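**Q** With the input below, show me the fold.
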Amino acid sequence: MSSEIRRRNVNTSGGEHIVPMATYDETHLSAPALLAASPIHAGFAMKLHVPVFYSFLPSPVQWALSSWCPTGWSPQWKRRYLI
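**A** Predicted structure coming up:
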């Protein structure tokens, strides 16, 4: 049974690779289906969003952006629901 579950890079005599087929149904990975399964770890988490240019700026410029500029230009914590 274990050979049926995990078969990676199996070479045949002709040198061809056998690609393992997915044995799961992706419709079971929707958010309502996952929540209906009563997951142990589910809830809200905070995710830090940092603009790309922000990390390349010197710290005095980062401080000025966070103090005087619009909030979209500085890092923000956003609430996400994780399953």
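**Q** list the contacts for Val52?
**A** Contact criterion C-beta atoms under 8 Å, 6 or more residues apart in numbering gives no residues in contact with Val52. Bear in mind the C-beta positions are built from the backbone N, C-alpha and C, glycine included.
**Q** Now it. Its backbone dihedrals?
**A** Reported as degrees, to the nearest 10, the phi and psi values for Val52 are phi -60, psi -50.
**Q** same check, this time on Leu82
**A** According to degrees, to the nearest 10, Leu82 has phi -110, psi 140.
**Q** Tally up the residues packed near it, please.
**A** As a burial measure, Leu82 scores 10 neighbours (other C-beta atoms under 10 Å).
**Q** hey, what's it bridged with?
**A** Beta bridges link Leu82 to Gly43, judged by DSSP bridges.
**Q** So it versus His41, what's the distance?
**A** Distance from Leu82 to His41, counting by C-beta to C-beta, to the nearest Å: 8 Å.
**Q** isn't Leu65 right next to Trp73, touching?
**A** Yes: between Leu65 and Trp73 there is a contact at 5.1 Å, judged by C-beta atoms under 8 Å.
**Q** more neighbours, those two?
**A** The residue with more neighbours, out of Leu65 and Trp73, is Leu65; 18 against 14, by other C-beta under 10 Å.
**Q** so how far is Ser59 from the more buried one?
**A** Distance of Leu65 to Ser59, computed by C-beta to C-beta: 11 Å.
**Q** how about the strands in the chain?
**A** Using DSSP state E, the strands of the chain run over residues 10-11, 17-18, 43-49, 76-82.
**Q** Show me the longest helix that occurs in the chain.
**A** Taking DSSP state H as the criterion, the chain has its longest helix at helix 59-68.
**Q** For that helix, list the C-alpha coordinates in CSV.
**A** Coordinates of the C-alpha atoms in helix 59-68 are reproduced here as CSV (Å, rounded to 0.1, in the frame of the first residue of the first chain):
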residue,chain,number,x,y,z
SER,A,59,15.4,53.8,9.7
PRO,A,60,15.0,57.6,9.9
VAL,A,61,13.0,57.5,6.6
GLN,A,62,11.0,54.6,7.9
TRP,A,63,10.2,56.5,11.1
ALA,A,64,9.2,59.6,9.0
LEU,A,65,6.9,57.5,6.9
SER,A,66,5.2,55.9,9.8
SER,A,67,4.8,59.2,11.6
TRP,A,68,3.7,61.6,8.8
